[in-house]
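Peer 1: With the input below, show me the fold.
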Amino acid sequence: DESGCTPEVLERAESLGCLLPYKIGARLLEKWGVPLSRSQLGVLSYSFEKTQQELSESKLKELSEQPLAQTQPLQALQPPRIWMLEIDGVFVPTRDAEQAEGTGVGKTIYREVKSAVLYKKNTPSERYQISVLREVEGFIPLVHGLLRLAGVTHSDKLIGLSDGAVWIANLFDGLGVYQHILDVFHASQYLERVMLGLG
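Peer 2: Numbers count the residues shown, from 1 in each chain. Below you'll find the model as predicted:
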């Protein structure tokens, strides 16, 4: 870090940069006597996010290589815990590193940001989540690591929520998802295609 900020200021700047637009975050910091411009706050936030992302992915990949935890003796006497696992992908425009012919700029390529959210059925506010710009092969170990980080055990049941994309259905199969639920919008779309196909 070459910002010249104390650890306390950095901590406050990082939390503001994650929660608020940089313009508002910079104004609040100014009221607290910290003269950071919104661009400086943006640079700090970006560096923090990038470092956190790298550390998180490294930890999740490490966890993914470990077996799921065994059921605790007291837990075996109770009904299985039910976990909800929501997985989705959203295409976003990104720049290709190679320049498009004659333009001097990289061309726009749409890539998928994949997200996973995991929580116990009865406590949805206590959640574990990841969101990364990765291919499916790079995303799968992160989801496995997320399950282990959350403490999912062999006796727990996973309920998967998705839009029905094939890559998500395959991932759910590999995770041993107990039940796969499609959201109403996509389920209706798929049903409409079947109905149209049947005339």
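Peer 1: Could I get the phi/psi values of D183?
Peer 2: Backbone torsions for D183, taken as degrees, to the nearest 10, come to phi -70, psi 150.
Peer 1: Report the secondary structure state of the residue nearest to S162 when sequence neighbours are not counted.
Peer 2: Sequence neighbours aside, I168 is the residue nearest to S162 in space, at 4.3 Å (criterion: CB to CB, 6 or more residues apart in numbering). For the C-beta atoms, the positions are set from N, CA and C on the backbone; glycine is no exception. Per DSSP: H, G, I helix; E, B strand; the rest coil, the secondary structure class of I168 is helix.
Peer 1: which stretches of the protein form strands?
Peer 2: Ranges of strands in the chain, per DSSP state E, are 82-99, 106-120, 127-133, 157-162, 179-182.
Peer 1: now the angle between strand 127-133 and the longest one, please.
Peer 2: Translated: strand 82-99. Strand 82-99 runs at 20 degrees relative to strand 127-133, counting by axes from the mean of the first three to the mean of the last three CA atoms, to 10 degrees.
Peer 1: Report the buried residues of strand 82-99.
Peer 2: W83, M84, L85, E86, I87, D88, G89 (16 or more other CB atoms under 10 Å).
Peer 1: got JSON lines for the strands of the chain, with distance to L191 and mean pLDDT too?
Peer 2: What follows is the strands of the chain, written out as JSON lines (distance: least, CB to CB, whole Å; pLDDT from 0 to 100):
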{"stretch": "strand 82-99", "distance to L191": "20", "mean pLDDT": "86"}
{"stretch": "strand 106-120", "distance to L191": "25", "mean pLDDT": "91"}
{"stretch": "strand 127-133", "distance to L191": "29", "mean pLDDT": "93"}
{"stretch": "strand 157-162", "distance to L191": "16", "mean pLDDT": "95"}
{"stretch": "strand 179-182", "distance to L191": "10", "mean pLDDT": "92"}
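Peer 1: Perfect, that will be all.
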